[in-house]
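S.K.: Next one to model:
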Amino acid sequence: MKIPQFRIKPFLFTTLLIINGVFLCSANNSNTTIDPPKSRLITFKIKLKFAGKVKIETAALKFNKHLAYSFTLDDGYRSAYLTAFPLLNGGKIASKNINEWKNDQGGDGTNSKGLFYSDGLGNKISFKLGLAINGGTIGDFSAYRGHLSWAEVKEMYDAGWDILNHGLNHATKHGTNFLNEVTENTTSVKQNLGFTMSQFVVPGGESDPGYQLEYEKDALANGSFSVASYVGAGPVIKVDQKINLDKMIYARTFVQSSKDTIGFKTMDRFLATFDSVAKLQSPIWYNEFTHGVGNGDLWSLSMRFPDFKYYMTNIADKYGSKGNDSIWMAPWQEVYEYIWLRDRIKINYEQNDKDVVVIVEVPEIPETFRYRDISLTINSPSKFEIDSKESDFTISNDGKTNHKLINIKLNK
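M.R.: Have a look, this model is predicted:
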């Protein structure tokens, strides 16, 4: 593949000035302002051990995984911190914890070593979830509170969990100011945690028909790139081709415990569905959610902790680093932002015997994006090394082993 030559063609002008980063062209005594290109180029060299034709492409999913799996906990219940976070990230799972609603939001009190997948290069990464929160319910109350505190949300966010907009007060009834619910929740999280949310989850509950359409409209018009609602794309999304992410509305699979507390028959049915998705031939993005994950089935809309632990552990053992390592367990925002960049980035390369010069053209990335990562697949019969002296990205690869994968992390 030839590397494109980036140049300005002669066009009646005789003078080119650059002032404060803006191109000013003088032509026939008239001035024209041309905005500078918003994309940027990053360059590196692949040094092959022996000559052989290479092919480089963007991976359909990060780390060249087959299945992107996004799981969200709605409503910001404290069981997310007491049980799910230590189970997945590693740590002490809370024992019995009766909250303000007389519901047990604790777990089994054991120590978890964490659940992991790999980056395709042998490095383990903890399973991560998304948290759809209502800023109006987050506080710093007693140890028996039912909702998370800001400190707990921040700790999970810092560990790689994503925070999604779920409305300020989880309002759904007639008379709700939907626009206010969207924007004031954004403001609340910005004030307390210092970042701007970019994905919205429609809150459920007692409501008027069609209320979700108002949330969808106001969220997409006020900073949200996509919305989780009742009807839309998914929950199974094929990602082997370019995806239209513009104002995306998507649906999720609701996973919940049954009234039967003997055995895990209900979870086994959900796992059977999961297995069928994982076995699809094309790379897939799959999305699920629940509410509480404590010992009690909160509001009868949750997963009891034994069910949640059984479900996640089975997935990790089969598809994580202990199994076939085909899963990328990441929140919706992380997957969305990867695919957004994947579909806009341009990979150009030119091979000269054992040297391959790679130029990556990176588009302007929205300021509220949290992730700026891309994975490249390389088809090469030779082992290789990467030569790069640039500081605005970090690069890792398996050139000395499988020589199939290059992971790039862009700096802002």
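S.K.: Identify the residues contacting N379.
M.R.: 54-56, 404 (C-beta atoms under 8 Å, 6 or more residues apart in numbering). Where you see a C-beta, it was placed from the backbone N, CA and C, and this is true even at glycine.
S.K.: Narrow those residues to just the buried residues.
M.R.: With burial judged by 16 or more other C-beta atoms under 10 Å, the buried subset of the contacts of N379 is 54, 56, 404.
S.K.: Is G323 in a helix, a strand, or coil?
M.R.: Three-state call for G323 (DSSP: H, G, I helix; E, B strand; the rest coil): coil.
S.K.: if we can go back for a sec, of the contacts of N379, which belong to strands?
M.R.: Using DSSP state E, the members of the contacts of N379 that fall in strands are 55-56.
S.K.: with the contacts of N379 in mind, which one is nearest to D392?
M.R.: I56 (19.8 Å; C-beta to C-beta).
S.K.: quick one: buried residues of stretch 239-248?
M.R.: Neighbour counts over stretch 239-248 (16+ other C-beta under 10 Å) mark 239, 243, 248 as buried.
S.K.: Compile the residues you listed into a markdown table and extend it with columns for distance to T110 and pLDDT.
M.R.: Below are those laid out as a markdown table (distance: C-beta to C-beta, whole Å; pLDDT from 0 to 100):
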| residue | distance to T110 | pLDDT |
| --- | --- | --- |
| V239 | 36 | 97 |
| I243 | 40 | 96 |
| M248 | 39 | 97 |
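S.K.: Now tabulate those residues in TSV and tack on secondary structure and distance to G294.
M.R.: Output for those, formatted as TSV (DSSP: H, G, I helix; E, B strand; the rest coil; distance: C-beta to C-beta, whole Å):
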residue	secondary structure	distance to G294
V239	coil	33
I243	coil	35
M248	strand	32
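S.K.: how close does the nearest residue to I365 once chain neighbours are set aside sit to T196?
M.R.: Leaving aside its sequence neighbours, I365 sits nearest to R372 (C-beta to C-beta, 6 or more residues apart in numbering; 6.0 Å). Separation of R372 from T196 (C-beta to C-beta, to the nearest Å): 16 Å.
S.K.: Give me the mean pLDDT for stretch 331-349.
M.R.: Average pLDDT, stretch 331-349: 98.
S.K.: Ends of that stretch, what's the gap?
M.R.: Chord length of stretch 331-349, first to last residue, is 32 Å (C-alpha to C-alpha, to the nearest Å).
S.K.: Then stretch 155-169?
M.R.: Chord length of stretch 155-169, first to last residue, is 22 Å (C-alpha to C-alpha).
S.K.: Just the closest of the contacts of N379 to L220, please.
M.R.: I56 (34.9 Å).
S.K.: Surely the closest one is in contact with I347?
M.R.: Yes: because the distance of 5.9 Å satisfies C-beta atoms under 8 Å, I56 is recorded as touching I347.
S.K.: shared neighbours, those two?
M.R.: 358, 376.
S.K.: Looking at per-residue confidence, what score does T33 get?
M.R.: The model reports T33 with a pLDDT of 47.
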